[in-house]
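>>> what's the 3D shape of this:
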Amino acid sequence: MLHQHPGGLTLTKRVVEYCAFIPGAKVLDVGCGTGVTMEYLQDTYGLQAVGVDVSKVRLEQGRKRLPYLQFIQAAGESLPFVDVSFDGVITECSLSVMQDAGTVLTEISRILIPGGKLAITDVYLPISASSAGYLNRNQLKTMLEKAGFTIIVWEDQSAFLREFIACYIMEYGSMEELWQCVSIPKTKLGYFLLVAEKRQMEG
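Alright, predicted model coming up:
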């Protein structure tokens with residue numbers, strides 16, 4: 001069975017361990033899809049998992065499969081939560097397909113507690129490249145700093161992207177229907193894992 005995103009739960013496990021969430025911590029999955037990561041967070045780590053996604057179809061599939069989890073239809077640019085209400089946020093292969101990544105990061109910062117962790121796994125461009133919908137490392141770093149974050153972990157995980165594409169082709173025969181997260185522009189994409197911390201409020 002093909003993972004929903006490059007690296008699957010292997011990368012999810014890695015970011016959760018970097019974030020060092022304590023049992024009972026409230027963690028939001030932005031772009032949660034059918035809730036695979038939410039299920040893992042709650043059942044494996046005892047976290048209080050909440051998920052948002054714009055797809056009504058995927059949310060309904062998640063609710064039928066995991067009725068004990070909280071699925072909410074919402075866009076990352078307008079999260080329906082009060083300020084400083086989450087201990088952590090995870091977004092896996094979702095930020096790159098959202099309309100306004102800067103606004104999404106600002107919204108995530110708003111709902112996180114000071115010192116709260118943001119974990120991202122996603123595609124990115126080489127430093128010198130630029131393409132609509134995809135960020136390079138410098139652009140992402142600038143956006144995160146503007147939103148009030150400090151990057152504490154950055155890892156290139158491009159091998160998982162190559163594996164994901166290879167598995168997709170083996171399962172479906174071609175890349176024509178490849179999920180939009182890894183639709184490949186002419187510029188070669190990489191895949192990264194990032195953990196950032198919301199800066200403490202001064203004063």
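
>>> let me see the confidence value for the closest residue to Asn136 other than its chain neighbours.
In space, and not counting its chain neighbours, Asn136 is closest to Leu125: 4.3 Å by CB to CB, 6 or more residues apart in numbering. Where you see a C-beta, it was placed from the backbone N, CA and C, and this is true even at glycine. Per-residue pLDDT puts Leu125 at 85.

>>> Leu125: how many residues sit nearby?
22 (other CB atoms under 10 Å).

>>> and stretch 9-24, which residues are buried?
By neighbour count on 16 or more other CB atoms under 10 Å, the buried set for stretch 9-24 is Leu9, Leu11, Thr12, Arg14, Val15, Val16, Tyr18, Cys19, Phe21.

>>> from Ile72, how far out is the nearest residue to Gly35 once chain neighbours are set aside?
Residue nearest to Gly35 in three dimensions, not counting chain neighbours: Gly62, with 3.7 Å by CB to CB, 6+ apart. Separation of Gly62 from Ile72 (CB to CB, to the nearest Å) stands at 11 Å.

>>> those two - which one has more neighbours?
Set Gly62 next to Ile72 and count neighbours by other CB under 10 Å: Gly62 wins out with 22 against 14.

>>> surely the more buried one touches Ala49?
No - if you go by CB atoms under 8 Å, Gly62 and Ala49 don't touch, sitting 11.1 Å apart.

>>> find residues that contact each of these two.
Met38, Leu69 (CB atoms under 8 Å, 6 or more residues apart in numbering).

>>> and the residue nearest to Asn136, how far from Asp100?
Distance from Leu125 to Asp100, by CB to CB: 18 Å.

>>> cool, and Ala20?
30 Å.

>>> circling back: quick check, the residue nearest to Gly35 in a strand?
No - applying DSSP: H, G, I helix; E, B strand; the rest coil, one finds Gly62 to be helix, outside a strand.

>>> can you name the residues that contact it?
So Gly62 contacts Cys32, Gly33, Thr34, Gly35, Met38, Gly51, Leu69, Phe71 (CB under 8 Å, 6+ apart).

>>> and the pLDDT at Leu161?
84.

>>> same question but for Glu202, I mixed them up
So Glu202 comes in at 59 (pLDDT).

>>> cool, and Ser96?
87.

>>> and for Gln99?
At Gln99, the model reports a pLDDT of 87.

>>> any idea how far Gly88 is from it?
23 Å.

>>> Gly46 now?
Taken as CB to CB, the span from Gly46 to Gly88 is 13 Å.

>>> neighbour count: these two, which is higher?
Per other CB under 10 Å, whichever of Gly46 and Gly88 has more neighbours is Gly88, with 26 against 13.
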